[in-house]
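# The following block contains a protein sequence and its predicted model.
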Amino acid sequence: MSNMTTTTTATAKANNTLIEILIYNDNETIPPPITTTTTTMNSINSNVANKFLLNLTKSLFNNGVQNQNESTTIKNNLFLCTYSLKLLLSILIIGSDGNTRDELSKLLYSISNDNNRQIDKFIQEILSQKHGQFLSRYKDVIQYSLSMYYRNDLRLCKNFMKNVSEKFRAQIMHLDLFDSKQLKKAIDMINNDICKQTDGRIKHIVNDLDPNVLLLLIDTIHFKDIWQKQFDTAKTSMEHFFIDDHKTIDTMMMHQTGIFDYCHYDQLSLSAILLPYNSNNHHLSMLILLPSSDHDNDKLTPIQKLLNEINDHHLSEIMKELRSMAPQKIELTLPRFKIESSHEHLIEHLKQLGLRQIFDQCNSNLMPMLESSDIFKTTNTQQEQCSNICVQNPKLFVSKIIQKAMIEVNEQGTEACAVTKVSIRSKRSAEFVEEMNCNRPFMFMIVDESDQPFEVLFTGVLMNPAA
């Protein structure tokens, strides 16, 4: 694969997500089982997952807005691999129980109270099968790896390891973490693995390891594809990009006129366009959502207003209209851009979305990951003394979720319900050329339409192409 220092392709690049699980040895009695009710799996689909991923993107963006000094311009770009995060959290579902499992299932798939067999069947059969098909379908443009590292004194449940290794194609390795020298060796080994898997694009995702860490889940994903219709580099020129009403920068803007799926979505005052990639019957596309430049004296900028208001129903309606209307001739202007995002505090955002117990040292329930001999201990093996059974390792919880992601877009491609009134403007005549000038902040996604409904793989917000 070519080096990513080139400046003439459009690709979503390398991405890493790390989930770190801590455990503290402490003897406690076993809490009573949590009763749950049976639910059906009818609500499990990509739209539900897209809702979670869209809400997470909004939370990350709004946090960036709040962290800006009020006297300065909001300039933080955002890029997130939503597919990667959803997959790792889904794996945690099969390693969790009780309310911990319930919160994960509810957040990712809108299932209230778990039906263990149905959820396990969905994740271990349907989701893992779709993941395998996804990797096979896009093997020429997407490289994905999943690794699970665990401390060598931990006895993981064989069934859990089998599910992770066979159904999700994970590499499983053990670590020695008993002194500072071994800790450094483990850190170097993990970072070297990541560096190789991303062709050197991401060198450090693990800077230190807590000696109490028992398990790490780390995945990498690299996407590189060319546009179905590439931009002519001879037409690229330095032009204005309007960061807000008061600040403008000069950046390289790409130009092309072509036939695209395009619509106006008046409910959110935006224009939407799909830029198809060249691979696999053009099932992968970049969706660009460009808010109107007019914000009617609103205190919020157009991009802030869009991120505040957009939801999964809007997104589904936009995609439906894009695919149902006849393509039209568009004069497109798009900046070259490169975004590198490091999300070190994803846990805080996931808590805001309702995922709490898995991060709680006292209440997290990840016991299905462990062999029973690692969960329980007795002071007397005689049958009449079984009442002395207590939990050996009750405080298994997720201590850290980190993602580092990059995207580069240029002339050649990319590296990396209530019913409401909806107004969609109709297609103009064939002779009319619609202009879409992305010379101001916009939201974008890379979507997979190989299955219906579509699935969001990456999301991002471009505030400043020069940042």
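Perfect, I can see it now. Numbering: from 1, shown residues only.
# Return the residues in contact with Ser285.
Neighbouring residues of Ser285 by CB atoms under 8 Å, 6 or more residues apart in numbering: 274-277, 446-447, 449. Any C-beta I mention is one placed from the backbone N, CA and C, and that applies to glycine too.
# Got phi/psi on it?
With angles defined as degrees, to the nearest 10, Ser285 sits at phi -140, psi 160.
# same thing with His349?
The phi/psi pair for His349 (degrees, to the nearest 10) is phi -70, psi -40.
# which residue ranges form the helices in the stretch 251-400 of the chain?
302-309, 312-324, 346-352, 372-375 (DSSP state H, counting those that start in this stretch).
# winner for burial among those helices?
Comparing the helices of the stretch 251-400 of the chain by mean neighbour count (mean count of other CB atoms under 10 Å), helix 302-309 comes out on top with a mean of 20.
# Compute the number of surrounding residues for Glu435.
By the measure other CB atoms under 10 Å, the count of residues near Glu435 is 10.
# Look up the closest residue to it, ignoring the ones flanking it.
Excluding the flanking residues, the one nearest Glu435 by CB to CB, 6 or more residues apart in numbering is Glu331, at 4.7 Å.
# Would you confirm that that neighbour contacts Met436?
Yes - here Glu331 reaches Met436: they are 7.2 Å apart, a contact under CB atoms under 8 Å.
# Tell me which of these two has more neighbours.
Per other CB under 10 Å, whichever of Glu331 and Met436 has more neighbours is Met436, with 17 against 13.
# residues of the strand of greatest length in the chain that come out buried?
For the chain, the strand that runs over the most residues, judged by DSSP state E, is strand 248-265. If you call a residue buried by 16 or more other CB atoms under 10 Å, then strand 248-265 has these buried ones: 251-256, 260-265.
# Same question for stretch 49-66.
49-61, 63-65.
# Can you tell me what sits against that stretch?
Here stretch 49-66 makes contact (CB under 8 Å, 6+ apart) with 74, 76, 78, 80, 82, 85-86, 107-110, 304, 307-308, 310-312, 315-316, 343, 346, 349-350, 352-353, 453-456, 459, 461.
# and that stretch, average pLDDT?
If you average the pLDDT over stretch 49-66, you get 82.
# quick one: low-confidence parts of the stretch 151-300 of the chain?
178, 280-282, 295-298 (pLDDT under 70).
# Which parts of it are strands?
Remark: strands assigned in the stretch 151-300 of the chain by DSSP state E, counting those that start in this stretch are 170-175, 213-226, 237-242, 248-265, 270-276, 284-291.
# Can you lay out these as TSV showing distance to Phe337?
Below are the strands of the stretch 151-300 of the chain laid out as TSV (distance: least, CB to CB, whole Å):
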stretch	distance to Phe337
strand 170-175	33
strand 213-226	16
strand 237-242	9
strand 248-265	8
strand 270-276	14
strand 284-291	12
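# and Val141, which of those is closest to it?
strand 213-226 (4.3 Å; CB to CB).
# Sheet partners, orientation included, of the closest one?
strand 11-24 (antiparallel), strand 142-151 (antiparallel), strand 413-415 (antiparallel) (DSSP bridges).
# Strand 270-276 and that one, what's the angle between them?
80 degrees (axes from the mean of the first three to the mean of the last three CA atoms, to 10 degrees).
# Okay, angle between strand 213-226 and strand 170-175 too, please.
Angle of strand 213-226 versus strand 170-175, following the same axes, to 10 degrees, is 140 degrees.
# pull the CA atoms of strand 213-226 into PDB?
C-alpha atoms of strand 213-226 as PDB (Å, rounded to 0.1, in the frame of the first residue of the first chain):
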ATOM      1  CA  VAL A 213      -4.900  -4.100  33.700                       C
ATOM      2  CA  LEU A 214      -6.000  -7.600  32.900                       C
ATOM      3  CA  LEU A 215      -7.200  -7.300  29.300                       C
ATOM      4  CA  LEU A 216      -6.800  -5.000  26.300                       C
ATOM      5  CA  LEU A 217      -9.000  -5.000  23.200                       C
ATOM      6  CA  ILE A 218      -7.400  -3.100  20.300                       C
ATOM      7  CA  ASP A 219      -8.500  -2.900  16.700                       C
ATOM      8  CA  THR A 220      -7.100  -1.100  13.700                       C
ATOM      9  CA  ILE A 221      -8.800  -0.200  10.500                       C
ATOM     10  CA  HIS A 222      -7.400   1.400   7.300                       C
ATOM     11  CA  PHE A 223      -9.500   2.400   4.400                       C
ATOM     12  CA  LYS A 224      -8.100   3.700   1.100                       C
ATOM     13  CA  ASP A 225     -10.100   4.100  -2.100                       C
ATOM     14  CA  ILE A 226     -10.300   6.300  -5.100                       C
END
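# Give me the distance between it and the centre of its chain.
11 Å (CA atoms, centre = their mean, to the nearest Å).
# What are the buried residues along that strand?
By neighbour count on 16+ other CB under 10 Å, the buried set for strand 213-226 is 213-226.
# on that earlier part again, which of the contacts of Ser285 sit farthest apart?
Greatest spatial distance in the contacts of Ser285: Leu275 and Glu449, 12.8 Å, computed using CB to CB.
# who has more neighbours, those two?
Leu275 (26 against 17).
# Distance to Thr100 and mean pLDDT for the helices of the stretch 251-400 of the chain - can I get that in JSON lines?
Converted to JSON lines, those look like this (distance: least, CB to CB, whole Å; pLDDT from 0 to 100):
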{"stretch": "helix 302-309", "distance to Thr100": "30", "mean pLDDT": "93"}
{"stretch": "helix 312-324", "distance to Thr100": "24", "mean pLDDT": "93"}
{"stretch": "helix 346-352", "distance to Thr100": "13", "mean pLDDT": "92"}
{"stretch": "helix 372-375", "distance to Thr100": "15", "mean pLDDT": "54"}
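# Lys338: which of these is closest?
Ranking these by proximity to Lys338 (CB to CB) places helix 302-309 first, at 18.7 Å.
# Can you pull out the residues in contact with the closest one?
So helix 302-309 is in contact with 57-58, 61-62, 65, 74, 268-270, 289, 291-295, 298, 300, 440-443, 461, 463, going by CB under 8 Å, 6+ apart.
# Recalculate using a threshold of 6 Å.
58, 61, 268, 291-292, 295, 441 (CB atoms under 6 Å, 6 or more residues apart in numbering).
# One more: stretch 184-195?
Against stretch 184-195 from outside (CB under 6 Å, 6+ apart): 16, 175, 177, 202-206, 209.
# Go again with 8 Å.
16, 147, 149, 175-177, 202-209, 216, 218, 220.
# Weed out the non-buried ones from the residues you listed.
16, 147, 149, 175, 177, 202, 205-206, 209, 216, 218, 220.
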